[in-house]
Structures are given as structure tokens and as C-alpha cells.
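In: Here's a sequence, model it:
(2 chains)
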Protein chains: 2
Amino acid sequence: MIRLSGTPKEDGFYMPGEFEPHAGCLMIWPERPDNWRLGGKPAQKSYAKVAEAIADFEPVTMLVSEKQYQNARSMLQSRIRVVEMSNNDAWIRDYGPSFLLNKQGTMRGIDWRFNAWGGLLDGLYFPWEKDDQMAVKICELEEIDYYSLPDFILEGCSIHVDGEGTLVTTEECLLSEGRNGQLSKAAIEATLKDYFNVQKVIWLKHGFYLDETNGHVDNIFNFVAPGVAVLAWTDDKSDPQYAISRECLSILEREKDAKGRHIQVHKLVTPKQVHITQEESEGVEAINGTFPRQPGDRLAASYVNYYTADGAIIFPLFDDPMDDAAREVLASLYPDRQIVGMQAREILLGGGNIHCITQHIPKHQNPAR
Amino acid sequence: MIRLSGTPKEDGFYMPGEFEPHAGCLMIWPERPDNWRLGGKPAQKSYAKVAEAIADFEPVTMLVSEKQYQNARSMLQSRIRVVEMSNNDAWIRDYGPSFLLNKQGTMRGIDWRFNAWGGLLDGLYFPWEKDDQMAVKICELEEIDYYSLPDFILEGCSIHVDGEGTLVTTEECLLSEGRNGQLSKAAIEATLKDYFNVQKVIWLKHGFYLDETNGHVDNIFNFVAPGVAVLAWTDDKSDPQYAISRECLSILEREKDAKGRHIQVHKLVTPKQVHITQEESEGVEAINGTFPRQPGDRLAASYVNYYTADGAIIFPLFDDPMDDAAREVLASLYPDRQIVGMQAREILLGGGNIHCITQHIPKHQNPAR
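Out: This is a model prediction of the structure:
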């Protein structure tokens, strides 16, 4: 497949919204015992269930390391396609390619650089070279050409687009020292505009409280449709999340999107605080250089971290009274989609949620090779 | 993808001839330094050239280990698709799936067992478990369901079919002790008939002289079309190959194919004998359990080991006066295909040739997942 020069903007390629039609969904099988407790077995069950839930609506491909191939193949339903691909961990939204379309429906990819959410400064594990190589490997797998940036760090969870010229991100993440610390905000915004082919970037200040990724936007904000969004929310003023959500809301109320609209914001109230238990912590291997999982640590539990499938919303459950409230909000926002809740604690324990572990492939029609 | 019960014969699936239309071609990137001299670099160049030659006629996918991925990607043209897959060596025809079609054009695969051409008895390397797992992984990659035999050893190079009910193989290989030594010839023939869905098996006695695979048929015989074949030949009575070729010819003259035809046999005269040089031998790492490459050893050089592409024949050159004669025979047999010769010494040094390192994918039209 061809490594392209130029930029998507020059070539007329843009990133469609996740709510637009899909060709399928990619995931990566979790296994590293220094991030997933008990050798990854509980997380593997959860990933398998998410894959099955999505496979009711669109084809799912699970990418799996050589060593885990046979285990994954036996734990997954036969309708899930299993393809070998080496990896450092299982966050495809972050280091899979950004998929783009042009007006003819041809798909291309972007291969950003990945440094484990902050490199040697405040990254979460080392090394990360296999993850960084996955975007190109996935473009080859999907038989699409790709743009490749030699030195710009970006994770897919750190941006959301409406497919109509607007991108939303957080300063906490994109301006973090461990990513593109040498670049100005203006330079970073220019790259976002050139590569996602958007006209407007809305900068939230912070992501979800204690999100270990320096505040990925996808744990606090998502587009339901152009001009319509959800925001993680709490009314508990003693929770540091309150000020963060309030700040996001005031920015969103002030800003207009690329089409000149004020974005209609719907609140998804967070569950009660979720903390790592002693038993959960003890199931994780302690490795120097890997972000530790300590008993009592608060996790960034948010209903906003859901997957928009063709015909369904796959959203996280926390065994909490707010689960039902979240379901109701989503049902009202997505009247034409099934609302499917999945127990997500084992995914959350690894540092993310359903949106982070999935990557949709836009529906496309590439010319034959 | 589904692991099927039953047999292809029961389900109406059969193996088409290689000369029928293709969807593309698969190869595996060579790297093991105990089989390929100089760390595999000369063989990698040859494999890349074969891939490029085939890519002029049909899409090519190169399967590559994690460690060699970036080297392969940089050595191959961008039109060659590169996909990660772990392996023990680079002989896809032997351990890739057998591809089958039904009358509706749906494709399925067969996953045979592989034991490195004879297991612990007279196999060529150890271990071989990654090769043995490739057939399933390729079926998953190609999104096809597959039959899987728990304990029947078979390599793709050891059979040829005419797509009209006839299979040709050798007793030397299929009745070898190191493969299915516990089974009778009748039991082996019954499995071939059930899985390739053929009505007639023609048993040659021996394969090419000194072929280290226990005489794979694809180095001595190939179908040009139903009822038409080529046979490796020599008129040099002092060469042990003479008696072998003579014996094959008399069997082929005596037998009839599944349609009741005598097969028309065309001779492809072998090049002068090819031997491993001192320098070539010294480039290979000596490892216990891997078949050695000694100076002076004769190689099984045969023009019959060619690839039939859509619109082309990719055949091996040995820098020999007979190269041109082989080209003329092939040109007369394939008037509608381009005849493309490729320098093949570096492939031959590894123990096979162009047909062994390629696997065509029949043209097919599977229903959407």
C-alpha cells in the first residue's frame, strides 16, 4: 500500500463521524499481565463480550499476538475474525489508523506516532514500538493507502469529529509536554486541520478527572450527530469532576461548530466513584515503567466512553444506579439504535473503556488493487 | 470463521485447477538463517522479485514475521500488501490452506496437519508449530470457513489437481513413514477423495531425484489444463532422474483421468545438474535438527516448479542453456499467457522453487459475513 505525501486536506479526504455507516470494527486482544489482572483472563472475557455485542450489528476483527492466537480463537465466537498482529497492549482507538474518506467513498488512513501517552516523561509503559507500528499494519490489512507523520504524537481517543468540519479535543492532552511539547497550540491546531480536514477546532481545557491519558476527550465528550453531543456530568460539587464538567459545558455553550451552530449538549451523569480493590490490585504484576494499579485508586468511570455501532450503542455498565439513567439518555438520543449495556469494570481497570478498545471502519468502496 | 464438520465432498466443494481464474497470490517472507544463506538477504531479493512479477498480473499479499515486517515492507514495492503472520519458514504452498470452491463460487479452506516434511523421523527442521497454524490464520484472514483434519499430514506441493476430478501425487511422499505411516494407501486415497472431492487419484512412484521433501509432485509434474500436463525430463541415461521420469511417463501413459482421458504429456528437459558451492554452504548457519546445506550437494532443479498466474507463467531460470527450451515449451502450451522467467537459484538453495513459495487464491464470491 502507498505511503502518501501531501495532506488529506489537499487531497479531499476527511474523517467521517463515528455515527456514520460502518464496514466493521477492529479490536486488539488484551494480555499484558502488568496491566490486566490475573494474566488478562477477566479482561479477555469482557473484550470477547464486547466483540460479540458489536458483531450483532457489524463484522468484528480481533487482532491478536502470536502467543495468544489460539486462546483468543477458542474464547471468541466463530463469527469474530481473528488476525495475528503483534502489539504492546489493547487500545486500538489510540494507535490504529485514523480512517478517512473522500466524496467518492475511497478510504485512506493516517499513521500518527504513538508514545504510550507521554513517552519517557509520563507515558504508561515502555517500550511501545509494536503499538506504534500497528497503524501501518492495519492499513496494509485493509488494503488502503496512508499518510504517515514522522514526528507528531496523537491518539485516536484524544479527538472527536462531527464529520462536518468540527473537531473537539482537550488542551490537557494535546498540549501535554510528553506528546508534542515542542509545538505551539497554533501549530498543533494547524496539523489537526490539515490531516482531519476540519475548519474548526474546539479546545476543552481538561478531560475526565484522573484520566491517566492526560484527559482524552472520548471519556468526557462525544458527538451524537452534527450539532448534538453528550458530556460526562456530575452535580456533586465536592467531586473535582464537577468543576471540569462545568468548564467543558461553558466552553461548549460559548463556541460554535464549523457550520456556525451552537452544539446541543446532553448530560450523562457519572456513576458513583469507582476504586481499585485490594484483590484487583494484587492480580496485576508490578513492572518498573508500567503505570501501577494501587488499591484505592479512583478510576475514570464515564458512560460517555461508548461505541457507536451500525444500529446500536454499546455502552459501559458499572453496576450502579446511574446505569439506567445513562441508558435512558442514550435511548432518547439514539431512537433508531439499540442501546446495549456491557459490564465494563474489567476494561476500566486497565485504564480505558469500550470506546478506547474499539475502532470502527467507515463504510467505503475502494477501487480494486 | 467456522471450523466445519463433514467433508468437502459431502458439501459439494472441490479444488479448482491452478490455471483457473485467481483472486490473488499469497507468499511468506523468508528469513531463517539456518536455511537461507547470509541471513536470508539474497533469498529475500528473489522472493521480492517473484512477488513483483506476479503483481503485474494479480494482487500479491506477503505474510511476514513481526521481526521482519519493516525490512519486508521496505524491500517490497508498495503495491505488494504486507501482512504480519508468524511462521517457521517460507513455503506457503505446503502449509497454507487448500482452497476449495463450490458451484456458486463460495470459497472454503482445508487445514491439513504439517510436520516439516516428515516430523521427527525425517523432517527438515524443528519445531514447526507456527507453520502448522498458518492454514487457519490464512482462512481467518481471507474470511473463509474451513475443514480441519486433526491428524492427517499433507503438504500442498504434494498434490496437483485438474479441477475435473483428477488428483496426481507420488507414493514416495504420501506413503512416507514420517507422514501418515500408520495409514494404508487405500485409506490415504479415501481421504484425498473426500477432501479434494476427486474421483481419480493417479499415483506416480517417485518425485524428482534428491527432492528433500520425499518427492513432492509439483517439482516433477504439473497440469497445464484438464488432460494436458508437463513432466520433468532428461535424456541423460546416466542421471538417476532418467529412470524416475521414464517411470512417471509410463504410468501417465497407462492411466486415465477422471473423465476417462489419457493425459497428454509434454516434456520439460531439466537444466544441467546444480550443486551447492562452498561459498553458498558457508552462508548458512548450522543448527542441529535443520537439514544441512553441504558444498557439492545436488539440488532438485526443475522447470516444472512454476507458478500459473492469471495471464502469465512465472517459471524458474537456472542460468542454463535449457532455460530457453523451457520457455519455448511453456510458450507453446500457454499461448494466452505471458511467459516470465525469474532467476531462481537462491530459492532453490532453500529447498524448493517458485511453485512452492506461492499459493494462488481462486477467484470467488463469498456471501457477506
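In: Can you get me a residue count around A:Asn288?
Out: A:Asn288 is surrounded by 7 other residues when neighbours are defined as other CB atoms under 10 Å in any protein chain shown. Bear in mind the C-beta positions are built from the backbone N, C-alpha and C, glycine included.
In: Check whether it sits in a helix, strand or coil.
Out: Under the three-state scheme (DSSP: H, G, I helix; E, B strand; the rest coil), A:Asn288 adopts coil.
In: so who does it touch?
Out: Neighbouring residues of A:Asn288 by CB atoms under 8 Å, 6 or more residues apart in numbering or on different chains: there are none.
In: got a pLDDT number for it?
Out: Among the per-residue scores, A:Asn288 shows a pLDDT of 89.
In: Which residue would be the closest one in the stretch 201-350 of chain A to chain B?
Out: Distances from the stretch 201-350 of chain A to chain B, computed as CB to the nearest CB, single out A:Asp310 as the nearest residue at 12.9 Å.
In: just checking, that residue touches A:Asp56?
Out: No - using CB atoms under 8 Å, A:Asp310 is not in contact with A:Asp56; the gap is 10.1 Å.
In: between those two, which one's more packed in?
Out: Under the criterion of other CB under 10 Å, the comparison of A:Asp310 against A:Asp56 puts A:Asp310 first, with 18 against 14.
In: Next, give phi and psi for that one.
Out: The phi and psi torsions at A:Asp310 (degrees, to the nearest 10) take the values phi -60, psi 110.
In: element containing A:Cys138?
Out: Just to correct that, residue A:138 is Ile rather than Cys. Using DSSP states H and E, A:Ile138 maps to helix A:129-141.
In: Check which helices and strands that helix sits against.
Out: In terms of contacts (3 or more CB pairs under 8 Å, 6 or more residues apart in numbering or on different chains; DSSP states H and E), helix A:129-141 is packed against helix A:92-95, strand A:107-113, strand A:146-153, helix B:69-75, strand B:81-84.
In: Write out the residues of the stretch 201-350 of chain A neighbouring chain B.
Out: When proximity is defined by CB under 8 Å from any CB of the partner chain, the stretch 201-350 of chain A lies next to chain B nowhere.
In: make that the stretch 51-200 of chain A, sorry
Out: For the stretch 51-200 of chain A, the residues in contact with chain B (CB under 8 Å from any CB) are A:59, A:66, A:69-70, A:73, A:78-79, A:81-86, A:130, A:133, A:136-137, A:140-141, A:143.
In: Only the buried subset of those residues, as a PyMOL command please.
Out: Applied in PyMOL, the following selects the buried portion of these according to 16 or more other CB atoms under 10 Å in any protein chain shown:
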select buried, chain A and resi 59+66+69+73+81+82+83+84+85+86+130+133+136+137+140+141
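In: In three-state terms, how would A:Ile54 be classified?
Out: Following three-state DSSP, we place A:Ile54 in the helix state.
In: Look up how far A:Ala286 lies from A:Gln343.
Out: Summarising the geometry, the distance separating A:Gln343 from A:Ala286, computed by CB to CB, to the nearest Å, is 26 Å.
In: Please, where are all the helices along chain A?
Out: With helices called from DSSP state H, chain A shows them at A:8-11, A:41-55, A:69-75, A:92-95, A:119-122, A:129-141, A:171-174, A:177-180, A:185-196, A:240-254, A:278-282, A:322-333, A:345-348.
In: got a list of contacts for the second one?
Out: Helix A:41-55 is contacted by residues A:25, A:27, A:29-31, A:36-37, A:60, A:62, A:71-72, A:75-77, A:79-80, A:90, A:307, A:309, A:312, A:314, A:340, A:342-347, A:349-350, A:354, A:357-358 when judged by CB under 8 Å, 6+ apart.
In: Around the residue of the stretch 251-369 of chain A found nearest chain B, how many other residues sit close by?
Out: Relative to chain B, the nearest point of the stretch 251-369 of chain A is A:Arg369 (4.6 Å; CB to the nearest CB). Around A:Arg369 sit 14 other residues, with neighbours defined as other CB under 10 Å.
In: Leaving out chain neighbours, which residue sits closest to it?
Out: Among residues not flanking A:Arg369 along the chain, B:Pro59 sits closest, at 4.6 Å (CB to CB, 6 or more residues apart in numbering or on different chains).
In: So what touches the helix holding A:Ile138?
Out: Judged by CB under 8 Å, 6+ apart, the contacts made with helix A:129-141 from elsewhere in the structure are A:1, A:3, A:26, A:28, A:63, A:83, A:85-89, A:91-92, A:94-97, A:109-116, A:145-146, A:148, B:66, B:69-70, B:73, B:81-84.
In: let's see it at 6 Å
Out: Residues from elsewhere that reach helix A:129-141 (CB atoms under 6 Å, 6 or more residues apart in numbering or on different chains): A:1, A:85-88, A:95-97, A:109, A:111, A:114, A:146, B:81-84.
In: again, but for stretch A:223-242
Out: A:17, A:19, A:160, A:162, A:164, A:208-209, A:220-222, A:245, A:248, A:261, A:263-270, A:302, A:304, A:333.
In: and that stretch, how far apart are its ends?
Out: Length of stretch A:223-242, first residue to last, CA to CA, to the nearest Å: 21 Å.
In: And that stretch, what's buried?
Out: Of the residues in stretch A:223-242, those buried under the neighbour-count criterion (16+ other CB under 10 Å) are A:223-224, A:226-234, A:239, A:241-242.
In: okay if I get these as a markdown table plus pLDDT and distance to A:Arg327?
Out: Listed next are those as a markdown table, based on pLDDT from 0 to 100; distance: CB to CB, whole Å:
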| residue | pLDDT | distance to A:Arg327 |
| --- | --- | --- |
| A:Phe223 | 98 | 19 |
| A:Val224 | 98 | 15 |
| A:Pro226 | 98 | 24 |
| A:Gly227 | 98 | 23 |
| A:Val228 | 98 | 18 |
| A:Ala229 | 98 | 18 |
| A:Val230 | 98 | 13 |
| A:Leu231 | 98 | 17 |
| A:Ala232 | 98 | 15 |
| A:Trp233 | 98 | 15 |
| A:Thr234 | 98 | 18 |
| A:Asp239 | 97 | 22 |
| A:Gln241 | 98 | 20 |
| A:Tyr242 | 98 | 23 |
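In: can you tell me which of these are in strands?
Out: In strands, judged by DSSP state E, the following of the buried residues of stretch A:223-242 are found: A:223-224, A:228-233.
In: any low-confidence regions in the stretch 1-150 of chain A?
Out: Across the stretch 1-150 of chain A, not a single residue meets the criterion (pLDDT under 70).
In: what separates stretch A:324-331 from the chain centre, distance-wise?
Out: The chain centre lies 21 Å from the centre of stretch A:324-331; the measure is CA atoms, centre = their mean, to the nearest Å.
In: Show me what the mean pLDDT comes to for it.
Out: 98.
In: so how many other residues sit close to the closest residue in space to A:Gly311 that isn't next to it in sequence?
Out: Spatial nearest neighbour of A:Gly311, excluding adjacent residues (CB to CB, 6+ apart): A:Phe57 at 4.8 Å. Under the neighbour criterion other CB under 10 Å, A:Phe57 is assigned a count of 20.
In: doesn't A:Asp310 make contact with A:Phe57?
Out: Yes - the pair formed by A:Phe57 and A:Asp310 meets the contact definition of CB atoms under 6 Å, at 5.1 Å.
In: sorry, back to before: write the PyMOL selection for whichever of the contacts of stretch A:223-242 are buried.
Out: Isolation of the buried members of the contacts of stretch A:223-242 (16+ other CB under 10 Å) is achieved in PyMOL through the command below:
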select buried, chain A and resi 17+19+160+162+164+208+209+220+221+222+245+248+263+265+267+268+270+302+304+333
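In: taking the contacts of stretch A:223-242 one by one, which sit in strands?
Out: When the contacts of stretch A:223-242 are checked against strands using DSSP E, the ones located there are A:160, A:221-222, A:264-269.
In: Between those, which sits nearest A:Thr191?
Out: A:Thr191 has its nearest neighbour among the ones in strands among the contacts of stretch A:223-242 in A:His160, at 16.5 Å by CB to CB.
In: Next one: the nearest residue to that closest one once chain neighbours are set aside relative to A:Gln359, how far apart?
Out: What sits nearest to A:His160 in space, not counting adjacent residues and going by CB to CB, 6+ apart, is A:Val168, at 4.9 Å. Computed with CB to CB, the distance linking A:Val168 and A:Gln359 is 18 Å.
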